[in-house]
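Test case, fold it:
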Amino acid sequence: MPLSVDTVTLGVPQVEAARVFYTSTFSATADQHPDGLDLRGTGRLALHQIDSLAAACGATPTTSGFRGYVLSSIVTQPAEVRALLAAADGNGATVVKPAKKQFFGEFTAVYQAPDGAVWKLAAASKKDSDPVPDPPQPTETAVYLGVAKPKASKAFYEALGMSVNHDYGDKFIDFTIADGVCRLGLLPRKGLAKDAGVDEHGDGFSALVLTHTAASRDDVDALLAAAASAGGRVTAAAAQTGQGDYAGYFTDPDGYHWKIATQA
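Take a look at the predicted model:
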């Protein structure tokens, strides 16, 4: 079973405050899980208290500066970027880059959420052509990881069954996605920070865990073994959890945390 980003889990100082922010900003609706928000069919966002999230994946919760990743909400037209940025700003986010057309025609904006996560809003079109949906309808949610060498990271993720969509060598690589999950992209850490308009320096826990929902216990075990063989590190062996699932954790070669889980 190929690896996929089914849920993006953020470690936040206050779960309820973060839930209010993201629900208000994205007009997302809470799904059947008490910790989750459905990002309108483009993936799922989960919010956990940062200390407990770090403990679950074998990390310490201390974090500072740039966390090494950027989340992205991709829409159809510029007016939706403006609307999402205004909603985030109105709910306590810090605008890092105002909404603006970029050199190659993409229309983008960047903000930092109150929990510290950096979000990029992007529209492929440089002009509005249709009525703006209310609320805006993301066509895709992506997570971009800042890595040492994208080509090396690509080999790791291919070993776990992911298929490359765009490959620009050590400048940018991303992977194909299926309906209902998030896209994964790889950029050099310095380049990712520059694109987002933030300082590249930072260390400690990224406060991010990418979660893959496996079909069975055997798939959980197989993906953890594949990660270890490809150069990752299993930080918590698969086991029955208090939430009723069977799950284990690993880090990729750049230290980003993954959870592989299945319902027991």
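
which residues in the stretch 51-200 of the chain form helices?
78-90, 150-159, 189-196 (DSSP state H, counting those that start in this stretch).

Out of those, indicate the one that is most buried.
helix 78-90 (a mean of 20; mean count of other CB atoms under 10 Å). Where C-beta positions appear, they are placed from N, C-alpha and C, glycine not excepted.

burial measure for the nearest residue to Thr251 once chain neighbours are set aside, as a count.
Using CB to CB, 6 or more residues apart in numbering and skipping residues adjacent in sequence, the residue nearest Thr251 is Arg233, 5.1 Å away. Residues lying near Arg233 (other CB atoms under 10 Å) number 13.

And for the one 4 residues further on?
Look at Ala237: counted by other CB under 10 Å, it has 11 neighbours.

tell me the mean pLDDT over stretch 72-87?
For stretch 72-87, mean pLDDT rounds to 93.

How far off centre is that stretch?
Averaged C-alpha coordinates place stretch 72-87 at 17 Å from its chain's average position (CA atoms, centre = their mean, to the nearest Å).

Strands along the stretch 151-264 of the chain, start to end?
164-167, 173-175, 183-188, 202-204, 208-213, 233-240, 245-251, 257-263 (DSSP state E, counting those that start in this stretch).

circling back to that earlier point, how close does the residue nearest to Thr251 sit to Pro78?
To Pro78, Arg233 is 42 Å away according to CB to CB, to the nearest Å.

Can you give me every residue that contacts Pro114?
Ala17, Ala18, Phe21, Asn91, Gly92, Ala93 (CB atoms under 8 Å, 6 or more residues apart in numbering).

Distance to Ser125, neighbour count and pLDDT added to those, as a markdown table?
Putting these into a markdown table (distance: CB to CB, whole Å; neighbours: other CB atoms under 10 Å; pLDDT from 0 to 100) gives the following:
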| residue | distance to Ser125 | neighbour count | pLDDT |
| --- | --- | --- | --- |
| Ala17 | 34 | 14 | 94 |
| Ala18 | 30 | 23 | 94 |
| Phe21 | 27 | 21 | 94 |
| Asn91 | 26 | 15 | 95 |
| Gly92 | 29 | 14 | 96 |
| Ala93 | 24 | 20 | 97 |
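
pLDDT below threshold where in the protein?
28-35, 103-105, 264 (pLDDT under 70).

redo that, cut-off 90
1, 23-24, 26-43, 57-64, 101-106, 124-138, 177-180, 203-204, 241-245, 263-264 (pLDDT under 90).

Centre-most residue in it?
In the chain, the centroid-proximal residue (CA atoms, centre = their mean) is Val143; its distance is 3.6 Å.

hey, what's that one bridged with?
Beta bridges link Val143 to Leu71, Leu184, judged by DSSP bridges.

hang on, it packs against Tyr69?
Yes: counting by CB atoms under 8 Å, Val143 does reach Tyr69; the two are 6.0 Å apart.

tell me, what's touching these two both at once?
Common neighbours of Val143 and Tyr69 (CB under 8 Å, 6+ apart) are Leu208.

buried ones in stretch 166-174?
Going by neighbour count (16 or more other CB atoms under 10 Å), the buried part of stretch 166-174 is Asp170, Phe172, Ile173, Asp174.

Looking at those, which is nearest Val181?
Asp174 (13.0 Å; CB to CB).

For that closest one, give me its contacts.
So Asp174 contacts Ala142, Val164, Asn165, His166, Arg183, Leu184, Gly185, Leu186 (CB under 8 Å, 6+ apart).
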